[in-house]
Every structure is written in structure tokens, then in C-alpha cells.
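**Q** Based on what follows, work out the 3D shape:
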Amino acid sequence: MSHAIPPAPLPEAITLAATEWFVRLQAADADPDVDVRARAATRAEWQHWHDADPRHALAWQRLVEFGTHLRTIPPLLAHRTLIRARANPGRRRLLGLMAVAGVTGAVWSASDSNAVRAWRADLNTGIGERRTVQLADGTVLALNTDSAVDMQFSQDVRRLRLVRGEIAITTGADADHGHRPFFVDTSHGSLQALGTRFVVREHDDSAAVAVLEGAVRVVPAKRADAAAVLSAGQGATFDATALRSRFDDAGVANAAAAWTQGMLVVHAMPLGDFLTELGRYRRGHLGCAPEVAGLRVSGIYPVDDTDRVLDMLARTLPVAVQRYTRWFVRLQPGTRTGRSADGLPNSSGSPTLRAIGGERTHT
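**A** Residues are numbered from 1 along each chain as shown. Sure, this is the predicted structure:
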């Protein structure tokens, strides 16, 4: 199969300018001493820079897609570092900004090893894309947004390698090949399917599995003696040494697989965490101000229409959606009172959004 070729690095001056603008915009939002007019002026200056050259737009796109560390840096701290960096010419200035970003040139060239492995994988999906395929053995494999899988089928074994993201598997009988064992490898351990339907998600420091039918044997990469068998309705998170946590609830397991039907199911999830989950299905940066990050969200949401979900949030929670560009969206404190989907105020002091939506399915 053909594979995408990683794009060439952009000029250093452009990547530096993009980093500066990212920090300036975040700092303007976070600083209470910056008034509305000043924020608007900063956004207008950024928009002028962004639209002046296609390479500027490309640098910005790469930054918000790959520069995840930038989003975790306190904005005012980053801005102070930026001001100090401006006093240092040339290479020292760039290194100062890269220290703020917590990233390397790999962000700009899109050539970090995990991204390259994903591009070269046997099966992959882009951001916001889901894909379902049937393998030669009868197994049905679904890939969630921004996911990648390698396949290694031999005469003796069926093995998938989850390179990135999340997959759902319904194993085939494989009668023509003697019912070969079926494994899914992750960075943190291996899963053996025991005639089953299950979902697996790769995180940075762990992996998660939820079993819908049959059973799955979980083996941490460095502790085979810590292996455990999970049955239908059960699930766990695990790292290379142990199962960190387990659940035994069919509802939780079904919620973990809701993305296969184009849905995101959550219960009392903090808004900040909810936006992180929703952000997996759209390009760019999606976040919120610290003041609203703790608002609770519950319900069923359509992942194929993230803008619709954001509008629902603005109508139901005391938040306002700030769309700087299609690539950079941030929820700020708003003036609305938190109300549930029936329009009645919530009884608790912390508003909770409840909604059901999403007519579309995707395979």
C-alpha cells in the first residue's frame, strides 16, 4: 500500500513566529489585566499574519495538531519566557521558545517516530475519520479517529499491533486455518482474544480494554505473572507491569465502544476532560479556561459534528465558545446559567450538561 510522505520542515523563522503567536494568544486569554479590545487587537494581528502566507497557515496547523505540550504550559509563564526569549538573538531565542513549547523540531517536520509508524501502518485513519474493514479470517476491525494498526498474520497466529489510537475487534472463527490464536499487541502489553468482541485504546502511559462479548486475556509486557482474564462487561487499564484498575459493568463497557456508532458517552465528566475527548475527533486545539474546566458533562454526543456539540455546550452551560480560527477553539466563562436538557436549572452548584444527539452512524 502507499503511504503519506512526511512534509518537509518549514523555515525556522516561520515556525518561531507560529510559536510566538500561540503563546501570545493564550496569554491574552489568561491575563485578567488584558481587556476585550486588547484581546481583539491581538487576534486581528494574528489573523493578518496567518493569512499573509500559506506557509504561515501550515505552520499554525502543524503546531496545533502536534504541539500538545504547548497546551499544558501555564499561559502567563509561557508569555514571560517568550518576552525573555525575545531579548536573545538567533539560536538562543529559538531554543528558549522550544523550551517553552516542550517540543523539538519533530513537531514542525512531523517526523517523530510514532507519527512515522502510524503513516506506515497497514491500516490507519485520519483525525475525525472512522473505518471498518473485514479481514481475511472473518475478523471485523474498526478503527477510531487518528488510529493505526499493523497486521502480522502467519500460518500459526493472527496478530495485530495497535500503533496508535483505538480499535474495536470482533474476532472471526478462522475455521479454514485451524482457529489460530488471535492477539493484539500494545506498547504496554498483549491481549489474547478468546472468541470475543472488545475495544482497545492506547494511551501514553497505559492501555485500556473493554470486553463486550466472550473473554480477553490481558498480559502486561513486563509481568506475565500479572495476567488476568476479563469476561463480557468487564474492562481494565494496564501498563507494562500491572493492571491498574478494573471494572465490572456492562454499561461502562458499552460506553467505551459507543464510538463505533459515532457517539461519545460520558457521565459527570469534567468539561476539560470532555473537550480533550471531543478534540480527538477534530483538527486543531480545543480547550477551555480553568474557570470552567470543572463543570460536569453527561450524555450522548455525536462525534461526527463537533461544532454542533460545542453549540450545545454554549446553550446549556455558562460558557461561551471563542473560535479564533477553525483550528483554535476555546471555551470561556459565559453569562448563561447551567441548565439541563429539559431547560430546568440544575439543583447542584456545578452545572451538568445532559444531551442526546447524533442521528448519523459511520462504518
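**Q** May I ask you to confirm that V321 belongs to a strand?
**A** Yes: checked against DSSP: H, G, I helix; E, B strand; the rest coil, V321 lies within a strand.
**Q** residue contacts, G128?
**A** With contacts defined as CB atoms under 8 Å, 6 or more residues apart in numbering, the neighbours of G128 are 145, 281-283, 304, 306. From N, CA and C alone the C-beta is placed, and that goes for glycine too.
**Q** Output those residues in TSV, with pLDDT and neighbour count appended to each entry.
**A** Below are the contacts of G128 laid out as TSV (pLDDT from 0 to 100; neighbours: other CB atoms under 10 Å):
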residue	pLDDT	neighbour count
T145	95	19
Y281	95	24
R282	91	20
R283	82	16
D304	94	17
T306	95	21
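**Q** Report the two of these separated the most.
**A** Pairwise distances across the contacts of G128 peak at 13.8 Å for R283 and D304 (criterion: CB to CB).
**Q** quick one: buried residues of the helix or strand that contains Q47?
**A** Assessed by DSSP states H and E, Q47 sits inside helix 36-52. Across helix 36-52, burial judged by 16 or more other CB atoms under 10 Å covers 42-43, 46, 49-50.
**Q** ok, now stretch 305-323?
**A** So stretch 305-323, judged by 16+ other CB under 10 Å, has buried residues 305-306, 309-310, 312-313, 316-322.
**Q** cool, and stretch 247-265?
**A** Neighbour-count burial for stretch 247-265 flags 247, 253, 255-265 (criterion: 16+ other CB under 10 Å).
**Q** what does that stretch contact?
**A** Stretch 247-265 is contacted from outside by 130, 132, 142, 144-145, 166, 168, 199, 201, 208, 210-212, 232-236, 266-267, 277-278, 281, 299-304, 358, 360-362, using CB under 8 Å, 6+ apart.
**Q** Show me the strands in the stretch 151-300 of the chain, by range?
**A** Using DSSP state E, counting those that start in this stretch, the strands of the stretch 151-300 of the chain run over 158-164, 166-170, 182-185, 189-202, 207-220, 228-231, 234-238, 243-248, 263-270, 285-288, 296-302.
**Q** Save those as a markdown table, and put in mean pLDDT and distance to R330 too.
**A** Listed next are those as a markdown table, based on pLDDT from 0 to 100; distance: least, CB to CB, whole Å:
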| stretch | mean pLDDT | distance to R330 |
| --- | --- | --- |
| strand 158-164 | 95 | 26 |
| strand 166-170 | 98 | 25 |
| strand 182-185 | 97 | 36 |
| strand 189-202 | 95 | 26 |
| strand 207-220 | 97 | 28 |
| strand 228-231 | 97 | 38 |
| strand 234-238 | 97 | 29 |
| strand 243-248 | 96 | 31 |
| strand 263-270 | 95 | 16 |
| strand 285-288 | 90 | 5 |
| strand 296-302 | 94 | 16 |
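**Q** then stretch 228-235 to PDB, C-alphas only?
**A** Only the C-alpha atoms of stretch 228-235 are listed here, as PDB (Å, rounded to 0.1, in the frame of the first residue of the first chain):
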ATOM      1  CA  ALA A 228      -5.800 -11.700  34.000                       C
ATOM      2  CA  VAL A 229      -8.800 -12.800  32.100                       C
ATOM      3  CA  LEU A 230     -11.700 -10.400  31.600                       C
ATOM      4  CA  SER A 231     -15.200 -11.500  30.700                       C
ATOM      5  CA  ALA A 232     -18.100  -9.700  28.900                       C
ATOM      6  CA  GLY A 233     -19.000  -6.500  30.700                       C
ATOM      7  CA  GLN A 234     -15.500  -6.200  32.300                       C
ATOM      8  CA  GLY A 235     -12.600  -4.000  31.400                       C
END
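**Q** Thank you, goodbye.
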